[in-house]
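In: I'll drop the sequence and a predicted model, then ask my questions.
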Amino acid sequence: KNKKKSTKKDTIKVSKTKKSPSPRLQLLKKQVKSDKLYPLKEALELLVKFNKNRKTKTVELHINTLDKGIKGEVSLPHSTGKKQTIEIFSDKTVVKINAGKLDFSILLATPADMPKLARHAKILGPKGLMPTPKNGNLIEDTKKRLEELSTGATLAYKTEPKFPIMHLSLGSSTQKLNHLQENISTLVKHINLTKVKSIFLTSTQTPSIKLDVSSL
């Protein structure tokens, strides 16, 4: 009897802590047809409507691919609006690292800088700041690379290590719709439509909108 009572109480506890979608999110979900493939323009218009009068307006793209290990970099026709703090490696960078002041999101360096950088790999590596050729931040012409990245139109993409899916931020819903549309189309075509299984457009606390891939 005691065991049965305990089990019943535990069940009630779990059901109480389970979070349900907010009333706002439930209302928005009713405006999205789950069985419909939305043309890109229509999906963006719907997302803008969902984000009206909201602070969080990031446009997110979730791409299900047929395989893992897909990655690359694309130059978009318009900026994503994402701000990045870029630093070119110098002796001042070493001073910052030693002081624990890593006030940059991207570190550019040349192969000749590696002997000085190697000793800081344990600090930079875990934070994803160690320059490597694969990441495009270990190059000979750091100034040219700085110009490319400073436009905000260069986007790196890759699938998750264990799953064939990408999560990408494409900008804000306050940007011009045709700019967002052109950026998304350029990205998907660069990845290659033959590698794409499905694509969902969403934002923070909004329902996912499944895109009609053929509209891209």
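Out: On my side now, so go ahead. Numbering: from 1, shown residues only.
In: what about the strands in the protein?
Out: 58-65, 71-75, 86-88, 106-108, 154-158, 165-172, 196-202, 209-210 (DSSP state E).
In: reformat those strands as CSV; add mean pLDDT and mean neighbour count.
Out: Glycine gets a C-beta too; all of them are placed from N, C-alpha and C. Converted to CSV, the strands of the chain look like this (pLDDT from 0 to 100; neighbours: other C-beta atoms under 10 Å):
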stretch, mean pLDDT, mean neighbour count
strand 58-65, 93, 19
strand 71-75, 89, 13
strand 86-88, 92, 17
strand 106-108, 93, 23
strand 154-158, 89, 17
strand 165-172, 90, 18
strand 196-202, 94, 18
strand 209-210, 94, 22
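In: ok, now how distant is the residue lying closest to P161 once chain neighbours are set aside from S173?
Out: Leaving aside its chain neighbours, P161 sits nearest to K68 (7.7 Å; criterion: C-beta to C-beta, 6 or more residues apart in numbering). K68 sits 30 Å away from S173, taking C-beta to C-beta, to the nearest Å as the criterion.
In: contacting residues for the residue most central in space within the chain?
Out: Central residue of the chain (C-alpha atoms, centre = their mean): L168, 2.8 Å from the mean position. By C-beta atoms under 8 Å, 6 or more residues apart in numbering, the residues touching L168 are E60, L61, H62, I63, L155, Y157, L187.
In: again, but for P39
Out: L211, D212, S215.
In: follow-up on the earlier one: could the strands of the chain go into a markdown table alongside distance to K143?
Out: What follows is the strands of the chain, written out as a markdown table (distance: least, C-beta to C-beta, whole Å):
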| stretch | distance to K143 |
| --- | --- |
| strand 58-65 | 30 |
| strand 71-75 | 17 |
| strand 86-88 | 7 |
| strand 106-108 | 9 |
| strand 154-158 | 15 |
| strand 165-172 | 26 |
| strand 196-202 | 35 |
| strand 209-210 | 40 |
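In: closest to S22 out of those?
Out: strand 196-202 (15.0 Å; C-beta to C-beta).
In: circling back: for V74, see how far away the residue nearest to the centre of the chain is.
Out: When L168 is compared with V74 (using C-beta to C-beta), they lie 10 Å apart.
In: shared neighbours of these two, anything?
Out: L155, Y157, L187.
In: that older thread, who's the residue nearest to the centre of the chain bridged to?
Out: Under the criterion DSSP bridges, L168 forms beta bridges with L61.
In: how many neighbouring residues does the residue nearest to I123 when sequence neighbours are not counted have?
Out: What sits nearest to I123 in space, not counting adjacent residues and going by C-beta to C-beta, 6+ apart, is I97, at 6.0 Å. Neighbour count for I97, taken as other C-beta atoms under 10 Å: 18.
In: which ones are touching the nearest residue to H62 once chain neighbours are set aside?
Out: Spatial nearest neighbour of H62, excluding adjacent residues (C-beta to C-beta, 6+ apart): F200 at 4.5 Å. Counting by C-beta under 8 Å, 6+ apart, F200 touches L61, H62, I63, N64, S208, I209, K210, L211.
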